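>>> here is my input; please provide its structure:
(one chain, ligands or ions: 1)
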Amino acid sequence: NGKVVLAATPIGNVADASARLVNLIEHADIVAAEDTRRLFDLARRLEIHVGGRVVAYHDHNEREKSDSLLDEVEAGATVLVVSDAGMPTINDPGLAIVRRAIERGIPVTCAPGPSAALDALTLSGLPTDRFCYEGFVPRKHSERMKRLRALATEMRTMIFFEAPHRIEDTMADLEEAFGADRHMALCRELTKDFEEIRRDTIGAIRQSVINDPPRGEIVLVVSGASEDEAVEAAGSAVLGVEELAQLA
Ligand code: SAM
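Here you go, the predicted model:
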């Protein structure tokens with residue numbers, strides 16, 4: 001019987017490939033890959049062969065491709081869906097086929113594995129009992145501040161993805177939105193040879209980013225607001241800063 005399997009791929013260290021992923025790459029009838037070259041590169045590094053047909057499945061075609069892939073599943077095929085790195089659907093393609101499979105009543109499952117978001121959260125040293133994933137913040141300063149201000153009352157640990165060439169601007173905005181004293185972790189090149197975690201206050205990490213710009217792939221993990229900070233932020237949002245000052 002056919003099925004759809006979304007599988008996580010390594011985010012740096014090829015040894016993180018699960019035995020299940022290896023088996024699927026070798027035996028799935030069709031592999032839908034975000035970037036087909038990346039898939040063949042992974043197979044080469046794993047010293048295995050891609051057994052089935054390979055199709056490109058990315059942000060720009062995932063809606064239109066999903067139905068034809070699911071037709072093949074209905075005809076008995078196993079379709080493996082992989083992104084460039086980490087878990088499909090997490091800021092990566094995959095959600096469209098999951099949704100269509102659910103709508104059409106077609107079996108869909110997951111071979112879980114590496115994800116930069118959870119790797120960073122685990123290593124941050126910040127509370128993991130309640131967290132939220134915020135993906136990439138908007139590129140434009142004004143929109144980024146709007147998004148970050150909306151998180152001023154967020155008490156859960158927050159996870160952000162960021163690119164190295166925007167990190168300095170984003171750190172300045174994090175400091176403006178959450179204050180210099182909030183704790184955070186900057187996690188870089190996870191699972192790779194130059195993995196590095198900087199754990200400190202937002203102000204100190206901002207300074208370290210200026211002194212020693214981090215290269216490579218980055219995840220930022222930021223502590224949630226304390227109860228006092230959240231109450232204060234909620235108050236200033238409702239009343240406005242001037243009205244609050246009059247009350248004080
Ligand atoms: N689906 C992927 C996952 O589950 O990890 C995330 C895909 S998203 C398009 C790519 C972003 O994830 C990068 O810009 C970076 O912020 C983060 N990332 C991916 N691999 C990483 C690594 N090895 N170290 C740190 N961050 C990483």
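>>> quick check, stretch 37-55 touching the ligand?
No: Stretch 37-55 stays clear of the ligand (CB under 6 Å from any ligand atom), getting no nearer than 12.0 Å. Glycine gets a C-beta too; all of them are placed from N, C-alpha and C.
>>> show me what from the chain comes close to the ligand.
Neighbours of the ligand within the chain, by CB under 6 Å from any ligand atom: 11-12, 83, 85-87, 90-92, 115-117, 161-163, 187-192, 217-219.
>>> narrow those residues to those in strands?
With DSSP state E as the criterion, strands contain Phe161, Glu162, Cys187, Arg188, Ile218, Val219 from among the residues of the chain next to the ligand.
>>> out of the residues of the chain next to the ligand, which are buried?
Listed as buried from those are 11-12, 83, 85-87, 90-92, 115-117, 161-162, 187-191, 217-219; burial here means 16 or more other CB atoms under 10 Å.
>>> nearest to the ligand: which residue in this protein?
Gly86 (2.2 Å; CB to the nearest ligand atom).
>>> and that residue, what are its bridge partners?
Per DSSP bridges, residues listed as beta-bridge partners of Gly86: Thr9.
>>> check contacts around it.
Ala8, Thr9, Ile11, Asp92, Pro114, Ser115, Ala116, Ala117 (CB atoms under 8 Å, 6 or more residues apart in numbering).
>>> could you dump those residues to a markdown table with pLDDT?
A markdown table is the format used below for those (pLDDT from 0 to 100):
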| residue | pLDDT |
| --- | --- |
| Ala8 | 98 |
| Thr9 | 98 |
| Ile11 | 98 |
| Asp92 | 97 |
| Pro114 | 98 |
| Ser115 | 98 |
| Ala116 | 98 |
| Ala117 | 98 |
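>>> could you report the neighbour count for Ala180?
Counted with other CB atoms under 10 Å, residues neighbouring Ala180 total 14.
>>> likewise for Asp212?
10.
>>> quick check: pLDDT value at it.
pLDDT, Asp212: 97.
>>> and the gap between it and Ile205?
11 Å (CB to CB, to the nearest Å).
>>> try Ile106
45 Å.
>>> among the two, which residue is more densely surrounded?
Ile205 (25 against 18).
>>> state the helix or strand in which the more buried one lies.
Ile205 belongs to helix 202-211 when assigned by DSSP states H and E.
>>> likewise for Ser66?
helix 62-74.
>>> for that helix, buried residues please.
By neighbour count on 16+ other CB under 10 Å, the buried set for helix 62-74 is Glu62, Lys65, Ser66, Leu69, Leu70, Glu72, Val73.
>>> possible to save those residues as a markdown table with distance to Ala17 and pLDDT?
Formatted as a markdown table, the buried residues of helix 62-74 follow (distance: CB to CB, whole Å; pLDDT from 0 to 100):
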| residue | distance to Ala17 | pLDDT |
| --- | --- | --- |
| Glu62 | 23 | 92 |
| Lys65 | 24 | 95 |
| Ser66 | 25 | 97 |
| Leu69 | 23 | 98 |
| Leu70 | 26 | 98 |
| Glu72 | 25 | 97 |
| Val73 | 23 | 98 |
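>>> dump those residues to CSV, plus distance to Ala19.
Shown next, in CSV, are the buried residues of helix 62-74 (distance: CB to CB, whole Å):
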residue, distance to Ala19
Glu62, 27
Lys65, 28
Ser66, 27
Leu69, 24
Leu70, 26
Glu72, 25
Val73, 23
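>>> many thanks, have a good one.
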